[in-house]
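Whatever this is, show me its structure:
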Amino acid sequence: MPATFDGDNLLITLPTSTAEIDAKVDLYSDWKEWFKTSPNAKYPLAFDTVGGDPTTATGAVAAYYFLRNDNGWRIKPAEEDAEVTIVGNLYPRDVALPVFAQTTGAFTVLLNVERDASSVVETVISGSGVTAGDKTDIIDGVWSKVLETLTAEEIMRITLAALAGKRVGLGTATEQYMGQDDVTPRITLTPDQYGNGDPTLDGTP
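Predicted coordinates:
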């Protein structure tokens, strides 16, 4: 028994005693036949579809069937307790609007939509959309991040001097750790008799 189409109330009522509904055959195709019968063409479209175009000699784009819930159409289960599975790539045209209507009577109906996983299209964007200027801004933002009163760029210059810079005046009243230019003192320390002291740091360019 096919589904029934009520153009006045914009309802597609599923047949009774049917556990599985084919979205293409039992809904979309049957609606097309109903729509072609006078005077049903006066009602808003219940479905539209995309897909079916050939991709290879043996392959084609999977078909998608969109219920025009934006036109007011809803799918209504039969008046019975049932579990019904709609098989096929059935989607609502407006995801914010309902697809199914409740039964008139107090029935319990479990409705499932079983879509073809192989037809799911993943959109991959080639390139991040980030411009060269954006990249420069990101880099500048990272290096200018302040950590304990010093920017990341300043910390890197001071760390490089401490690890690989020229040492000047070790064991004297003033010790210095030079930048890579061997001119700029990045760390200046006046140690006490125990070798301790509060260093002066310079991480500026």
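
Need the contact partners of the helix or strand of the chain with the lowest mean pLDDT.
Lowest mean confidence among the helices and strands of the chain (mean pLDDT, DSSP states H and E): helix 132-143, at a mean of 84. With contacts defined as CB atoms under 8 Å, 6 or more residues apart in numbering, helix 132-143 is touched by 130, 151-153, 156. Quick note: C-beta positions are derived from backbone N, CA and C, even for glycine.

could you flag which of those residues are buried?
151, 153 (16 or more other CB atoms under 10 Å).

JSON lines for the contacts of helix 132-143, including pLDDT?
Formatted as JSON lines, these follow (pLDDT from 0 to 100):
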{"residue": "130", "pLDDT": "68"}
{"residue": "151", "pLDDT": "91"}
{"residue": "152", "pLDDT": "89"}
{"residue": "153", "pLDDT": "92"}
{"residue": "156", "pLDDT": "92"}
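
among the contacts of helix 132-143, which are in strands?
If you go by DSSP state E, these have residue 151 in strands.

And the contacts of helix 132-143, which two are furthest apart?
130 and 156 (23.8 Å; CB to CB).

residues near residue 42, how many?
Neighbour count of residue 42, defined by other CB atoms under 10 Å: 8.

what sits against it?
Applying CB under 8 Å, 6+ apart, the residues near residue 42 are residue 7.

pLDDT wise, what is it at?
Turning to residue 42, the model gives it a pLDDT of 95.

Now do the helices in this structure.
Assigned by DSSP state H, the helices in the chain fall at 30-36, 132-143, 152-164.

can you give me how far the last one is from the chain middle?
Put plainly, it is helix 152-164. Distance of helix 152-164 from the chain centroid (CA atoms, centre = their mean, to the nearest Å) equals 40 Å.

For that helix, buried residues please.
Buried residues in helix 152-164 (16+ other CB under 10 Å): 153-155, 157-158, 161.

Next, format those as JSON lines and append distance to residue 78.
JSON lines is the format used below for these (distance: CB to CB, whole Å):
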{"residue": "153", "distance to residue 78": "71"}
{"residue": "154", "distance to residue 78": "74"}
{"residue": "155", "distance to residue 78": "71"}
{"residue": "157", "distance to residue 78": "77"}
{"residue": "158", "distance to residue 78": "77"}
{"residue": "161", "distance to residue 78": "81"}
